[in-house]
Structure formats: C-alpha cells, structure tokens
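Visitor: structure of the sequence below:
(chains A, B, C and D)
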There are 4 protein chains.
Amino acid sequence: MGNSAKGHTLWFIPDGYIPPQSSGSLTSHESICVLNCSEEEAKLQITVYFEDQPPLEKLEASVSARRTFHIRTSLLEQDGRRIPAGVPYAMEVESNIPVIVQYSRLDATQAENALMSVMGYPAR
Amino acid sequence: MGNSAKGHTLWFIPDGYIPPQSSGSLTSHESICVLNCSEEEAKLQITVYFEDQPPLEKLEASVSARRTFHIRTSLLEQDGRRIPAGVPYAMEVESNIPVIVQYSRLDATQAENALMSVMGYPAR
Amino acid sequence: MGNSAKGHTLWFIPDGYIPPQSSGSLTSHESICVLNCSEEEAKLQITVYFEDQPPLEKLEASVSARRTFHIRTSLLEQDGRRIPAGVPYAMEVESNIPVIVQYSRLDATQAENALMSVMGYPAR
Amino acid sequence: MGNSAKGHTLWFIPDGYIPPQSSGSLTSHESICVLNCSEEEAKLQITVYFEDQPPLEKLEASVSARRTFHIRTSLLEQDGRRIPAGVPYAMEVESNIPVIVQYSRLDATQAENALMSVMGYPAR
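Guide: Numbers count the residues shown, from 1 in each chain, chains lettered A, B, ... in the order given. Next up, the predicted model:
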C-alpha cells in the first residue's frame, strides 16, 4: 500500500488524567500512541485543556518516518510547563502530516492494575 | 488551527451504569468527558434512557469556552431527579455548539479497580 | 431533537467472548448495549461467527421504543442454541431501524474485575 | 443482508504491546480480532512499526470465509521473525477483501487482570 501518510492531522482525547499514585510492580501512566506511516517525520503540537484554567498550548513532540511513538504524557514539557498529575484534562493533537492517534491509560493506584484505551477522535 | 468549535452536537453512549458500591481507596464513578474548543460556552442537554421506564429528559450542564469538563453522571440533577445507581441506562448528549464527548467508568466494587472508556458515538 | 431513529442498522463486534468463570462478588458477563431513540420497537437479528464452525444465525432480540436494552449475550437463544462460554466469537447485529450499539465485557475470572468496552463498528 | 464482504481493507492499531509477564491463572496476551463476513477467505498482511527500528513487514495470516479469527499477536511469524514482548509497537493490518478489526489486550502482569479493547482505525 505504499508508504504514504495515513490518518488525520487533528485528533482529540477528552479524557486525560495522569494518576498521581502507583503501587505494585508497575507505574501508573498514560500514553498517546502515535503512528506515522509516511516517509517523513511528523511534527506534533499538543494543546492541553483544563477545567478551570487556560489551555497549555503547543507542547511539542515528533514521530520519525515509518515509526510509532508511545508518548508518556507526563514527559511532555514546554518552557518548564508540564501536565500536572491528578487533574482532569483533555488533549488536542495536531500534526503537520496525517498520523493515527490512540490513547491508553494504566492505572496502578491499587496493587492490581486497570487499563483503558480509546482511539482518538479525528477531526480533520 | 484557531479556536473554532470542533466535533459534533449530538452524541450517544449506550452503556451507562453507575456502580452502586465502592471499596478500596477510590470511589466508583462514571464521567462524560466533554471538550469545548470554541470561544463560547457549550450548553448541554442530556437525556437518559432506561430499560423499563420513560426517559429522564433535559438534564443540564455547561462547559466553559476553551475548557474541558469531566462530568460525574451521579451529580447531574434536574428538579430533584438524578440518574439512579445500579441501573443500566443510556445517554444522549446534545450541545448547542460542536463538542467532543468521551465516556469513562471506574468500577471500584472490588478493592482493585477496573476501568473502561469509549469515545461517544457522534450522530450529528 | 425529536424522537426519530438515530444510528445505524448494521453493527459488528469482532471480539466476543463469554468468560467461563467467575469469582469474587460479581459475575463475568458481556452485554451488547443497544439504544433505540425512536418511537417504534427495534427488532434485532444477531448472527454469531465462530473460528471453526458455521455461523449461528438470527438470534432475536428487541428494544422497546425510546428505551435501552443491555442484552446479556449468554441469554440469547434460538431453538435451544446459545452462544457457548469460553469460545472466541464475533457478532453481527442487524436492526430493522437505526439504533446505536456498544459492547462491554466484565471479566471476573479473578476476584478482582477487569472491564472493557468498545462502540460497535457501524456498517450501514 | 447477504454474505457480502463488510468493513475495510486497511486498519491501524497504534498501541500494540505484548506484556512480558503473567501471574495468576490467565496468561497476558493481545489479539487482533478479525471478522470476515464474506464467502471467500481473507488474506492479511500485517506490518509492525517500532519506535527505534525499521518496520517488520508482511507477517501473514488468513481468516476463512464467514469466520472470525482472534489472532494472538505473539504467534505471528515470518521467516523466524516475531513481534518481541515488552516493546511498544503499532500495527497495520491490510486485507485483500473488506474485514472488521478489533484489538484487545489482557494484562495479567499482576495476579488480577486488566483488559482493554479498541476498534481499529479504518483507513481505506
């Protein structure tokens, strides 16, 4: 099917939440899992929306050509700003070329884990 | 990409259920997670469908401009009517402007938690 | 938004599985959660596909007007035929009017539960 | 509705991960659950994308006519190459005829299980 870009350039994930605690052998975390099928690097700009404060805009990430990148949201950073743990938020993922975006969360608040995953909502 | 409204004005979630019990350190709950990317407030009207009684109509909520709101379904209320716990139901979320809707449930019936999440089904 | 039918008349769920065991306080089960927003009853015909035998066709169910029905797959029955537990299968849900279909599974094989849910794949 | 092919011929799953460990009574695994409604066999070619190495291309599988196949990703193999456990990856599933693809993961790293599932993202 060739190596052309597949997917969309704008994705949304309304339910973001970084669990503040971990117990057991795994660490609580969320990831935005991005697949770039094309022959060029995908440059992402991520906007984070909150319930009670203005958005945190233009957190940057990139995904190499013909690679996936499972991005830990807790590691996104821009000018020292990060997504705080324990706070409900939402994400907008914009890419310069089409990509495919899935969101997954591992909650290890308890010793035993809980998992959830959704495909992002593509808007463009 | 500007601050225009994104998404749809009508969303459905067929599998609603408020777990009646909690144990462990977290509380069972469900949320409808709504993202409003626009510059104006989104006004929501939520209709709740049951298996054996007429719908509960026009529960109201709102999401501020350029904010997300993770709405606990157990807190929705209209004229003293609420969604009962422990009962299978379904939800219709109508908005005056386009928004994006995801549904998530944390079941803490047992000490260890279970999570599920789906993007809503957009119909208009 | 009126009471007209919303959704699709043909839905697919590739990952069906009735967990054969339960422990703890809840019972393992899966449900197809169907929402019928219209003013008339929805009549469903469910076809069950297996890995190694011909499909089980035309299991019937119905959803009343303006109601939801969270159908336990283990209770579907036609001429004494049921979906066996512990076997991978897939489902096709056909309706005479548009409905919305979500699939959820509670696995209580262990004392602590696991949950998963997906919106069905609409094909028509 | 007849026995014609339903679905799409190209699907993506950005969040692939084979849990390297199991405890308790179940085994950690992931599956791509494929439904083939048509009267002919579906031939699949699966491309696996990694974070830091070139894709593993053209892992083959097939799904018989009017059957489902819940394919354990750990069993996919081509010329002795397999998907490694414990490594984030993404999948592209291409089929010669339309099929429907769902992805599910059972994580039994802990004695109690965690489940997640998403419908694949259809691109063609």
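Visitor: for chain A, what's the longest strand?
Guide: Assignment by DSSP state E gives strand A:89-107 as the longest strand of chain A.
Visitor: packing partners for the helix or strand following that strand?
Guide: Moving toward the C-terminus from strand A:89-107, the first helix or strand encountered (DSSP states H and E) is strand A:114-119. The helices and strands touching strand A:114-119, judged by 3 or more CB pairs under 8 Å, 6 or more residues apart in numbering or on different chains; DSSP states H and E, are strand A:89-107, strand B:89-107, strand B:114-119, strand C:114-119, strand D:89-107, strand D:114-119. All C-beta spots, glycine's among them, are computed from the backbone N, C-alpha and C.
Visitor: kindly report the residues of chain A close to chain D.
Guide: Contact residues (CB under 8 Å from any CB of the partner chain) of chain A with chain D: A:1, A:6-7, A:24-26, A:31, A:33-35, A:37, A:66-70, A:100-102, A:104, A:106, A:111-119, A:122.
Visitor: picking that back up, mind checking which of the helices and strands packed on strand A:114-119 is nearest B:L59?
Guide: Closest of these to B:L59 is strand B:89-107, at 9.1 Å (criterion: CB to CB).
Visitor: what about the helix or strand hosting A:W11 and chain B, touching?
Guide: For A:W11, the host element (DSSP H and E) is strand A:8-16. Yes - contact check for strand A:8-16 against chain B, using CB under 8 Å from any CB: residues in range are A:10, A:12-15.
Visitor: among these, filter down to the buried ones and hand me the ChimeraX syntax, if you would.
Guide: To isolate the buried subset of the residues of strand A:8-16 next to chain B in ChimeraX, counting by 16 or more other CB atoms under 10 Å in any protein chain shown, use the following:
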select /A:10,12,13,14,15
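Visitor: tell me the one of the residues of strand A:8-16 next to chain B nearest chain C?
Guide: A:D15 (12.9 Å; CB to the nearest CB).
Visitor: compare the helices and strands packed on strand A:114-119 and give me the one nearest C:Y49.
Guide: strand D:89-107 (10.2 Å).
Visitor: shouldn't A:R105 be in contact with B:N113?
Guide: No - the pair A:R105 and B:N113 does not pass the contact test of CB atoms under 8 Å, sitting 11.5 Å apart.
Visitor: more neighbours, those two?
Guide: B:N113 (28 against 23; other CB atoms under 10 Å in any protein chain shown).
Visitor: tell me what the residue sitting nearest the centre point of chain A is bridged to.
Guide: In chain A, the centroid-proximal residue (CA atoms, centre = their mean) is A:I32; its distance is 2.7 Å. For A:I32, the beta-bridge partners under DSSP bridges are A:I71, A:Y103.
Visitor: who does the nearest residue in space to A:T9 that is not next to it in sequence bridge with?
Guide: Closest residue to A:T9 apart from its sequence neighbours, by CB to CB, 6 or more residues apart in numbering or on different chains: A:S95 at 5.1 Å. Beta bridges link A:S95 to A:L44, judged by DSSP bridges.
Visitor: for A:S95, give its distance to chain C.
Guide: Going from A:S95 to chain C by CB to the nearest CB, to the nearest Å gives 24 Å.
Visitor: what number of residues lie near that residue?
Guide: Using other CB under 10 Å, the number of residues around A:S95 comes to 25.
Visitor: now do the contacts for it.
Guide: A:9-11, A:34, A:42-45 (CB atoms under 8 Å, 6 or more residues apart in numbering or on different chains).
Visitor: residues near A:G7, how many?
Guide: A total of 23 residues lie near A:G7 under the criterion other CB under 10 Å.
Visitor: can you check A:E51 too?
Guide: By the criterion of other CB under 10 Å, A:E51 has 14 neighbours.
Visitor: just to check, it is in contact with A:P88?
Guide: Yes - if you go by CB under 8 Å, A:E51 and A:P88 touch, sitting 5.7 Å apart.
Visitor: mutual contacts of those two, please.
Guide: Residues touching both A:E51 and A:P88 by CB under 8 Å, 6+ apart: B:68, B:70.
Visitor: circling back to that earlier point, which one of the contacts of A:S95 is nearest to B:L56?
Guide: Nearest to B:L56 among the contacts of A:S95: A:W11, at 32.6 Å, using CB to CB.
Visitor: is it true that the closest one touches A:V118?
Guide: No - A:W11 is not in contact with A:V118 according to CB under 8 Å; the separation is 10.8 Å.
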